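Asker: Quick one: sequence and predicted model below, then my questions.
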Amino acid sequence: MKKERFICTYTVFDNLDEMDPQDAELMRRAHEATQSAYAPYSKFNVGAAVRLANGEIVTGNNIENAAYPSGLCAERVAMFGAMAKFPGVAFEALAVTAHSQTKVIAEPVAPCGACRQVIVEVEQLSKRPLRVMCQGQEGPIMVFEGIESLMPFIFLDKFL
Ligand code: THU
């Protein structure tokens, strides 16, 4: 028997001005996308933006439903939207943020488990690590250089 440890590495930026301008722009687009959120139930507006290898940016926001599980997270709206609009184009980066309708979120908001599993698929298709950047309405930005830093022991298609 032996105990092992998973080490997760990420970079923390204090503000967008410290970041690569392209990445800062992507996060700004994610912030803008929160304004389109349809979140009457959770009152939690999430915005996401993906940058593709062809330079295109596709944004997404969460869309809720009175039958709760029928809604979809902002990250998946953005990723699926990008795959629908630009099939076969590699993904470079994903920015995620959330603006609550009831309080200020000042810590990074990371993608949920289901969205992480979709990031796995997108990363595999893209044949390169996908940079994931997370921020609250304000405050620091956490940057992960690929899904393996966000999610250990990922489920891969090779298991099938
Ligand atoms: N949500 C997202 O859009 N992304 C996540 O990664 C986590 C949660 C949405 C779903 C729901 O509309 C609201 O946030 C509260 O869970």
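Answerer: That came through, no problem. Residues are numbered from 1 along each chain as shown.
Asker: residues contacting the residue nearest the centre of the chain?
Answerer: For the chain, the residue nearest the mean C-alpha position is residue 96 (4.3 Å; CA atoms, centre = their mean). Contact analysis of residue 96 by CB atoms under 8 Å, 6 or more residues apart in numbering lists 30, 46-48, 74-75, 109-111, 132-135. For the C-beta atoms, the positions are set from N, CA and C on the backbone; glycine is no exception.
Asker: Next, count neighbours for residue 116.
Answerer: 16 (other CB atoms under 10 Å).
Asker: The residue lying closest to residue 65 once chain neighbours are set aside: neighbour count?
Answerer: With CB to CB, 6 or more residues apart in numbering as the criterion, residue 65 has its nearest non-adjacent residue at 4.6 Å, and that residue is residue 71. Residues near residue 71, counting by other CB under 10 Å, number 16.
Asker: how about stretch 43-53 as CSV, C-alpha atoms only?
Answerer: The C-alpha trace of stretch 43-53 is given here as CSV (Å, rounded to 0.1, in the frame of the first residue of the first chain):
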residue,chain,number,x,y,z
LYS,A,43,-30.1,34.4,-9.6
PHE,A,44,-26.5,33.4,-10.5
ASN,A,45,-25.4,34.8,-13.9
VAL,A,46,-22.5,32.9,-15.4
GLY,A,47,-20.6,34.0,-18.4
ALA,A,48,-18.1,32.0,-20.5
ALA,A,49,-16.0,32.8,-23.5
VAL,A,50,-13.8,30.4,-25.7
ARG,A,51,-11.0,31.4,-28.0
LEU,A,52,-10.4,29.2,-31.0
ALA,A,53,-7.3,28.6,-33.0
